[in-house]
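Participant: Okay, structure incoming, though there's no sequence with it:
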C-alpha cells in the first residue's frame, strides 16, 4: 500500500478543484484502488491510502490535476505502508 500526505493552503483554486477530485477518488475507491481518504480535522491537508503499486499511483496522480497543478495543494510525502492489522495484506 502507498500513503500520500497532502498539505493545503486556503487558495480558492483548491476548493474549486475539489469536487472533481472527490469524484475521481470515489471511482478509485469503487475500483478497489483507494482504501481510505480524507482531510485532517483542521483542513490543513489530507491522507490517502492506495492499494496500488507505484507506477499506478503515478498514473492516478498524473490524471488528477489536484495533485500536481492545483494551487493550494502540495504533495508532502508518498510512502510505502505495510499494515499488520485492519487491512488485508496485498
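Facilitator: Right, received. Where do you want to start? In this text, all values refer to a predicted model and were calculated from it rather than measured experimentally.
Participant: List the contacts of residue 49.
Facilitator: Residues near residue 49 by C-beta atoms under 8 Å, 6 or more residues apart in numbering: 1-3, 34-37, 81, 87. (C-beta placed from N, C-alpha, C; glycine too.)
Participant: ok, the one helix or strand it maps to: who's next to it in the sheet?
Facilitator: Under the criterion of DSSP states H and E, residue 49 resides in strand 45-50. Looking at strand 45-50 with DSSP bridges, its partner strands are strand 2-8 (antiparallel), strand 34-39 (antiparallel).
Participant: Go through those and name the closest to residue 67.
Facilitator: Nearest to residue 67 among the strands paired with strand 45-50 is strand 2-8 (7.8 Å), distances taken as C-beta to C-beta.
Participant: Residues in contact with that closest one: which ones?
Facilitator: Residues outside strand 2-8 that contact it (C-beta under 8 Å, 6+ apart): 14, 39, 43-50, 52-54, 57, 61, 67, 72-81.
Participant: ok, of those, which come out buried?
Facilitator: If you count burial by 16 or more other C-beta atoms under 10 Å, the buried members of these come out as 14, 45-46, 48-50, 52, 57, 61, 67, 72-73, 78.
Participant: for the protein, which spans come out with low pLDDT?
Facilitator: Along the chain, the parts satisfying pLDDT under 70 run over 87-90.
Participant: And the helices in it, which stretches?
Facilitator: 12-30, 54-63, 65-68 (DSSP state H).
Participant: and among those, the most buried is which?
Facilitator: For the helices of the chain, the largest average neighbour count (mean count of other C-beta atoms under 10 Å) is found in helix 65-68, namely a mean of 17.
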